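Enquirer: give me coordinates for this.
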Amino acid sequence: MKKIAVIVLSLFVFSASGCAWFKGKHEMEKSAETLVREGSAQFRDQDYKYAIKSFTTLKDWYPFSKYAILAELKIADAHFQLEEYDEAIFAYQEFENLHPKNEAIPYVIYQTGRCWFDRIDTVDRDQRCALKAQTEFNRLVHRFPDAPESAKAAQHIEVCIKSLAGHELYVAEFYFKAKHYKAAMKRFEHLFANYPDTREGKEALPRIAVCREMIDQFGDQANGGDEK
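Expert: Here you go, the predicted model:
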């Protein structure tokens, strides 16, 4: 009886592994054209995870195919659509490094900026994403001023600046209300120096004057809250 059970179990294992083997073999037999067609259809149907799988298979099995570059780009786009921004940034940057002269580079830089831009938080939170997005969009506008993506990037830069200036004002006001005038003045000066044309920058100027008066009047007592 025990022998029969071992045989049945062996047949089951062989059957399962055999199916996997045949399935893997079947995947390997797909042509580059088939994989790009499947991946494109999956992407169009918003089945982004399956699209990533198809395009990754294409890239791995046919690295010299004329579709390989397309696969690299669509993998990045699929991660972006899934809001897997770190993976998308990695894929876009890898594409730019491998194909620096490709005609899609303006789009790739724009999308890299979007990966940061879409994660910009409120002004009371860390503004790393706004700064990173601004850097990428500035790079795009500087390198490809006539690209269609640059017009959209210019609009996004304004949003980034507003967010960065808003954060500076938020922090400066925090110190000001706490009567930490020296720390507040540094923040207001930085705000006015870097974002003079924003509403926040204009608000900083009179605040700087008040901070100076308070520091002159109270000396070290006004500096009790030096910025950490």
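
Enquirer: only C-alpha atoms from now on, for both contacts and neighbour counts.
Expert: Will do.

Enquirer: how about Ala178, phi and psi?
Expert: phi -80, psi 0 (degrees, to the nearest 10).

Enquirer: and it, how many residues sit next to it?
Expert: Neighbour count for Ala178, taken as other C-alpha atoms under 10 Å: 12.

Enquirer: kindly report the same for the one 3 residues further on.
Expert: Neighbour count for Tyr181, taken as other C-alpha under 10 Å: 31.

Enquirer: where's it relative to Cys211, distance?
Expert: Using C-alpha to C-alpha, to the nearest Å, one gets 5 Å for the distance from Tyr181 to Cys211.

Enquirer: check which helices and strands the longest helix seen in the chain sits against.
Expert: Longest helix of the chain, by residue count under DSSP state H: helix 148-177. Judged by 3 or more C-alpha pairs under 8 Å, 6 or more residues apart in numbering; DSSP states H and E, helix 148-177 is in contact with helix 105-117, helix 128-143, helix 181-194, helix 199-218.

Enquirer: which of these sits closest to Leu73?
Expert: helix 105-117 (8.2 Å; C-alpha to C-alpha).

Enquirer: related to what we said a few turns ago, now the longest helix of the chain: mean pLDDT?
Expert: Regarding helix 148-177, the rounded mean pLDDT is 97.

Enquirer: the chain should start at 36 in everything you say after this.
Expert: Sure thing, new numbering starts at 36, so read that last one as helix 183-212.

Enquirer: report the inter-axis angle for it versus helix 234-253.
Expert: Angle of helix 183-212 versus helix 234-253, following axes from the mean of the first three to the mean of the last three C-alpha atoms, to 10 degrees, is 20 degrees.

Enquirer: buried stuff in helix 183-212?
Expert: 184-185, 188-189, 191-192, 194-208, 210-211 (16 or more other C-alpha atoms under 10 Å).

Enquirer: ok, now stretch 152-169?
Expert: Phe152, Ile155, Val158, Gln162, Cys164, Ala165, Leu166, Lys167, Ala168, Gln169.

Enquirer: of the residues you listed, closest to Ala139?
Expert: Ala168 (18.6 Å).

Enquirer: got any ranges where the protein has weak pLDDT?
Expert: 36-63, 255-263 (pLDDT under 70).

Enquirer: go again using 90 as the cut-off
Expert: Counting by pLDDT under 90, the chain has low-confidence residues at 36-64, 251-263.

Enquirer: buried stuff in the helix or strand hosting Glu129?
Expert: Using DSSP states H and E, Glu129 sits within helix 120-133. Of all the residues in helix 120-133, those buried under the rule 16+ other C-alpha under 10 Å are Tyr120, Glu122, Ala123, Ile124, Ala126, Tyr127, Gln128, Phe130, Glu131.

Enquirer: now the second one, nearest residue through space, not along the chain?
Expert: I take that to be Glu122. His114 (6.3 Å; C-alpha to C-alpha, 6 or more residues apart in numbering).

Enquirer: any figure for the gap between the one you found and Thr69?
Expert: 21 Å.
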